[in-house]
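Enquirer: the sequence isn't on hand, but the structure is:
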């Protein structure tokens, strides 16, 4: 497939002369995984639409029904580092451009609707969570499972998971998958709409008579509320209820880790426990620290810190090892270093926060995307 067709752009003429910008990630065979060519097409086009007064709103979706975006192309980082060593630039190139795209979505000056049907994981969460209108469907399955690959929930996860309190920490440490009801309850989503209504929603958006720019977010919200899907499966978080709350009582990492890895009669909690227990101990410690940091930092500063941390993860053993075991060699037998949480020292963690470049931060101009 030509890289020019990995994202398909369209503009739908509206009834009042305004246009709807439509971007479709078109890599269905890879579950629309976010790679550098896809980001390189999305970023300038979304920026151009943001600055175009003729565009009333933007709609971002993906090909197929199975996944909106099942994550970032971390396999390419692993392959490159194994071939070229830790100085390889693939991690920097991917993460720096991805975070620019994510920040733009958070800072978007007009309605940006993301259609998060099917799997929405990792990098897909980054695209979804910054949008003004975050749609899930009855098929949506959301997760940030970076604990399984020796990474941590990046793409702004340090910021938005911190704002969910202990539930955010649980989702980050365990990689637990949530459904549409959970997404609404936590704020990952703003609306739930039936999966089969995608084109009807687009048609309705085009038919709107747009008011002032200040009123357009409310117009889109009202329109989407008219499509609201209320017959949803019960949320896992609500069903876990008191047991989940009890497991999250601890304040220190060691206490939380022990509680969250304990077996449970609740299948969802038990799977979360097993995932954390099998995951990278370094990742568990980084996730806890990032959850603490995220509550004290601005969004832009969070992305700047995440770029340092993500590039450093590609220079430390667990990220490359985790991706190798899960996605490259697929032996499902990662060998973590350090092997236990007790062996993860503060000095080891501190090394992940050392800038791997000299001088000015590459995202120092992140807020100036209009320039």
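Expert: Yes, it's here. The model shown is predicted, which means the values in this text are computed figures rather than measured ones.

Enquirer: for residue 254, what are its contacts?
Expert: Shown here is residue 254, whose contacts under the criterion CB atoms under 8 Å, 6 or more residues apart in numbering are 341-342. In short, each C-beta sits where N, CA and C put it, glycine included.

Enquirer: against residue 340, how distant is it?
Expert: From residue 254 across to residue 340, the span is 11 Å (CB to CB, to the nearest Å).

Enquirer: what's the answer for residue 69, then?
Expert: Plainly put, residue 69 is 33 Å away from residue 340 if you go by CB to CB.

Enquirer: kindly report the same for residue 82.
Expert: Where residue 340 is concerned, residue 82 sits at a distance of 25 Å (CB to CB).

Enquirer: so for residue 69 and residue 340, which residue has more residues nearby?
Expert: Counted by other CB atoms under 10 Å, residue 69 and residue 340 do not tie: residue 69 has more neighbours, with 29 against 8.

Enquirer: that one against residue 34, yeah?
Expert: Yes: between residue 69 and residue 34 there is a contact at 5.7 Å, judged by CB atoms under 8 Å.

Enquirer: what sits in contact with each of the two?
Expert: Joint contacts of residue 69 and residue 34 (CB under 8 Å, 6+ apart) are 25, 123-124, 127.

Enquirer: residue 367 - nearest residue in space that isn't next to it in sequence?
Expert: For residue 367, ignoring the flanking residues on the chain, the nearest one in space by CB to CB, 6 or more residues apart in numbering is residue 300 at 5.4 Å.

Enquirer: neighbours around residue 142, how many?
Expert: Residue 142 has 25 neighbours, counted by other CB under 10 Å.

Enquirer: secondary structure class of it, three-state.
Expert: Here residue 142 is recorded as strand under DSSP: H, G, I helix; E, B strand; the rest coil.

Enquirer: and it, what is it in contact with?
Expert: Counted by CB under 8 Å, 6+ apart, residue 142 has contacts 116, 120-121, 125, 128, 136, 177-179, 182-183, 188.

Enquirer: go again using 6 Å as the cut-off
Expert: With contacts defined as CB atoms under 6 Å, 6 or more residues apart in numbering, residue 142 is in contact with 120, 178, 183, 188.

Enquirer: pLDDT at residue 295, what is it?
Expert: With respect to pLDDT, residue 295 scores 89.

Enquirer: what is the burial count for it?
Expert: Applying other CB under 10 Å, I find that residue 295 has 13 neighbouring residues.

Enquirer: these two touch, right, it and residue 164?
Expert: No: Residue 295 is not in contact with residue 164 according to CB atoms under 6 Å; the separation is 10.2 Å.

Enquirer: mind listing the strands for the stretch 151-300 of the chain?
Expert: With DSSP state E, counting those that start in this stretch, the ranges of strands along the stretch 151-300 of the chain come out as 191-192.

Enquirer: related to what we said a few turns ago, for the residue nearest to residue 367, the count of nearby residues, please.
Expert: 18.

Enquirer: what comes into contact with the longest helix along the chain?
Expert: Longest among the helix segments of the chain by residue count, using DSSP state H, is helix 90-106. Helix 90-106 is contacted by residues 36, 39, 42-43, 46, 76-77, 80, 126, 130-131, 155-156, 299, 303, 307, 310-311, 314, 362, 366, 369 when judged by CB under 6 Å, 6+ apart.

Enquirer: again with stretch 326-337
Expert: Against stretch 326-337 from outside (CB under 6 Å, 6+ apart): 75, 78, 149, 280-281, 317-318, 321-322, 325.

Enquirer: again, only using 7 Å
Expert: If you take CB atoms under 7 Å, 6 or more residues apart in numbering as the criterion, stretch 326-337 is touched by 75, 78-79, 148-149, 280-281, 317-318, 321-322, 325.

Enquirer: spatially nearest residue to residue 90 (excluding sequence neighbours)?
Expert: Using CB to CB, 6+ apart, the nearest residue to residue 90 is residue 80, at 4.0 Å.

Enquirer: what about that neighbour, which SS state?
Expert: helix.

Enquirer: you'd agree it is up against residue 86?
Expert: No: proximity of residue 80 to residue 86 does not meet the contact threshold set by CB atoms under 7 Å, at 10.1 Å.

Enquirer: who's more crowded, those two?
Expert: residue 80 (18 against 14).

Enquirer: from residue 198, how far off is the more buried one?
Expert: Residue 80 is 35 Å from residue 198, where distance means CB to CB.

Enquirer: and for residue 59?
Expert: Remark: distance between residue 59 and residue 198 (CB to CB) = 9 Å.

Enquirer: among the contacts of stretch 326-337, who's most crowded?
Expert: When neighbours are taken as other CB under 10 Å, the top entry among the contacts of stretch 326-337 is residue 280 (31 neighbours).
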